[in-house]
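K.L.:
please work out how this folds:
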Amino acid sequence: MRHNLITNPKEADTLGIELAGLVKAGRSAQASAALVPILSSRIPFRLLDRIGARVGEGPLQKTNAFLDTVARGKAMGAWPLIGSALAAQLDRDLEGALARCRKLIIMADAWYVADTLAERVPGAALVGNFGRSLAVLKRWRTDPDRWVRKSCGVAVHLWAKRARGDPRHLPKVKKLLAFLTPMFEEQNLDAVKGIGWALKTIGRYYPDALTPWLVRQAGRADRVRPLMLHKATTYLSRADRTSAYMAAYR
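P.N.:
Residues are numbered from 1 along each chain as shown. Next up is the predicted model:
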């Protein structure tokens, strides 16, 4: 089984199906060996996503053991593949896929892994199953690991980017702002970057919803990182930005 270079979606799908077949047959070592040259090459993330999506269609127990092996190699290309594989499990094991994602974020201990996995797993989960996913992610907000907390923001960013200002989603926007409320005074800068990213994207597409919430939170906060305010106000009008800063530095 030789796939030294994957150059198009068809090849990516074929490899993903072959890997899934090997894993299902109990030949995970062979599947891992076949992945080594792929993860060592500069393969576009969109193709790694396709490989991962096919792998994720396999039986949960065997697939997850295989993904753990891939993760331990810590290759850069492993993370989009793993994220897309876990995303493919969301429709049949949402809570389990989110739990595995959290475990891998903690294990990897790197910003790019948190961003890569958070968009593909909790972000995709919010898009596909908003209520159940939000209930799980509420526990992530107070996680001891800063990357897990950051992932909450990255996931909300992905949801807001997909919503693209559609007014039908306003009730969900308000729920997401309520979800982010206890995180507004986050002090760890790594986590702040993710939470601020979420607020920035909401402000881009739903500024009328963000502004009163932001002014209210800024006025109540005992401590707010300047970076949080900077990101949150990126797309707001000058007047709304001024209102937020005046509330924060009253």
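
K.L.:
which strands or helices does the lowest-mean-pLDDT helix or strand in the chain pack on?
P.N.:
When each helix and strand of the chain is scored by mean pLDDT, DSSP states H and E, helix 28-39 comes last, with a mean of 94. Applying 3 or more Cβ pairs under 8 Å, 6 or more residues apart in numbering; DSSP states H and E, we find helix 28-39 packed against helix 9-24, helix 60-73, helix 78-87. C-beta: built from backbone N, CA, C; applies to glycine.

K.L.:
where are the low-confidence patches of the chain?
P.N.:
Across the chain, the ranges flagged by pLDDT under 70 are 1-4.

K.L.:
would you map the strands across it?
P.N.:
Secondary structure of the chain (DSSP state E): no strands present.

K.L.:
Asp190 versus Arg204, what's the distance?
P.N.:
Distance, Arg204 to Asp190, using Cβ to Cβ, to the nearest Å: 22 Å.

K.L.:
between the two, which one's more packed in?
P.N.:
The neighbour count for Arg204 versus Asp190, taken as other Cβ atoms under 10 Å, is higher for Arg204 (17 against 14).

K.L.:
ok, the more buried one touching Tyr235?
P.N.:
Yes: under the criterion of Cβ atoms under 8 Å, Arg204 is in contact with Tyr235, at a separation of 4.2 Å.

K.L.:
going by neighbour count, which residues in stretch 137-146 are buried?
P.N.:
Buried residues in stretch 137-146, counted by 16 or more other Cβ atoms under 10 Å: 137, 140-141, 143, 145-146.

K.L.:
is it possible to get TSV of these that adds distance to Leu98?
P.N.:
Converted to TSV, the buried residues of stretch 137-146 look like this (distance: Cβ to Cβ, whole Å):
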residue	distance to Leu98
Leu137	8
Trp140	8
Arg141	13
Asp143	12
Asp145	14
Arg146	18
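
K.L.:
closest to Asp166 among those?
P.N.:
Leu137 (21.3 Å; Cβ to Cβ).

K.L.:
mind listing what that closest one touches?
P.N.:
98, 122, 126, 152, 155, 179 (Cβ atoms under 8 Å, 6 or more residues apart in numbering).

K.L.:
give me the residues contacting the least confident helix or strand of the chain.
P.N.:
With Cβ under 8 Å, 6+ apart as the criterion, helix 28-39 contacts 1-4, 6, 15, 18-19, 22-23, 48, 51, 62, 65-66, 69-70, 73, 75-78, 81.

K.L.:
buried residues in it, which are they?
P.N.:
Going by neighbour count (16+ other Cβ under 10 Å), the buried part of helix 28-39 is 28, 31-32, 34-35, 38-39.

K.L.:
same check on stretch 73-89?
P.N.:
75-89.

K.L.:
next: stretch 46-57.
P.N.:
For stretch 46-57, the neighbour count (16+ other Cβ under 10 Å) marks 47-56 as buried.

K.L.:
what of stretch 102-114?
P.N.:
By 16+ other Cβ under 10 Å, the buried positions in stretch 102-114 come out as 102, 104-106, 108, 113-114.

K.L.:
among these, which lie within helices?
P.N.:
Mapping the buried residues of stretch 102-114 onto helices (DSSP state H) picks out 102, 104-106, 108, 113-114.
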